[in-house]
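K.L.:
Here you go, sequence then predicted model.
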Amino acid sequence: MNPATRDKLMGVSVATLCSALYKRGLRNQTIQDVRPVKPKGRNMVGPAFTLRYMPAREDRNPMTVFRNPQHPQRHAIETCPQGHVLVMDSRKDARAASAGDILITRLMVRGGAGVVTDGGFRDAMVIGELDIPAYHHRPSSPTNLTLHEAIDINVPIGCGDVAVFPGDIVVGDDDSVIIIPLEIADDIADEAVEMTAYEDFAAERVKAGYTIIGLYPATDENNLSIFAEWRKSNGR
């Protein structure tokens, strides 16, 4: 992805991105019921690299399948490109894990920008201490083979009721995760930076005792003049 776009998206919130996408008619881009394993205080940004699970069938999923070096779950960990976010479709089912700490550690060491599942992670407390942003629904101890069969790598998936296409831009903060279609990511990043500047200004004004009427949204032209001066003095 464009490095400048990555830098811009590192400094904006998922909430602001939701509003920017809403203006373009995209209202279902936030992955539902997924939250940080442990907040990192920084954004996760990167193109999506996907893994799809399907319902497991017992005769196809004995523990011995992990001996296959091409097993899709293991292969996804070993082939996710540096700087990408591994996004897993676990059918919104956290009764069995999508992955555990050893696999996520390997993803981190290989340079993955983050990992997202609409299921759960085993060893979640360990994953939370790793230096890689990780998002899931809740902790889950059973191995993925209990309920999930990893079946496809880097194909269109659904994650938390959101369509995710390989290469879409994934942004996560300490609240949630959003998917930005690749073709509009540069424009959305530019708009979100501008929105964030005004939101920071408005937050300062509200803390100082000013009313939100005419300020948020900026329907009073006087507030726009004050904002212009604020930007100059704050280098924004």
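P.N.:
Received it, and whenever you're ready, just let me know what you need. This is a predicted model, so every value here is computed, not measured.
K.L.:
Which strands and helices lie in contact with the longest strand anywhere in the chain?
P.N.:
The longest strand of the chain (DSSP state E) is strand 44-55. Under the contact criterion of 3 or more Cβ pairs under 8 Å, 6 or more residues apart in numbering; DSSP states H and E, strand 44-55 touches helix 3-9, helix 72-79, strand 85-89, strand 148-153, strand 157-159, strand 169-172. C-beta: built from backbone N, CA, C; applies to glycine.
K.L.:
For it, which strands pair with it and how are they oriented?
P.N.:
Paired with strand 44-55 in the same sheet, following DSSP bridges, are strand 85-89 (parallel), strand 148-153 (antiparallel), strand 169-172 (antiparallel).
K.L.:
Buried deepest among those strands, which one?
P.N.:
Most buried of the strands paired with strand 44-55 by mean neighbour count (mean count of other Cβ atoms under 10 Å) is strand 85-89; its value is a mean of 28.
K.L.:
Pull up the pairing partners for the helix or strand following that one, direction included.
P.N.:
Following strand 85-89 in sequence order, the next helix or strand is strand 97-99 (DSSP states H and E). Next to strand 97-99 in the sheet, as set by DSSP bridges, lie strand 120-121 (parallel).
K.L.:
Which residues does the partner strand contact?
P.N.:
With Cβ atoms under 8 Å, 6 or more residues apart in numbering as the test, strand 120-121 has contacts from 37, 90, 94-101, 104, 127, 134, 136-140.
K.L.:
swap the cut-off to 7 Å and go again
P.N.:
37, 94, 97-100, 127, 134, 136-140 (Cβ atoms under 7 Å, 6 or more residues apart in numbering).
K.L.:
what about it, average pLDDT?
P.N.:
Mean per-residue pLDDT for strand 120-121: 98.
K.L.:
Could you tell me which other helices and strands the helix or strand just after it packs against?
P.N.:
From strand 120-121 onward toward the C-terminus, using DSSP H and E, the following helix or strand is helix 124-129. Helices and strands touching helix 124-129, by 3 or more Cβ pairs under 7 Å, 6 or more residues apart in numbering; DSSP states H and E, are helix 101-109.
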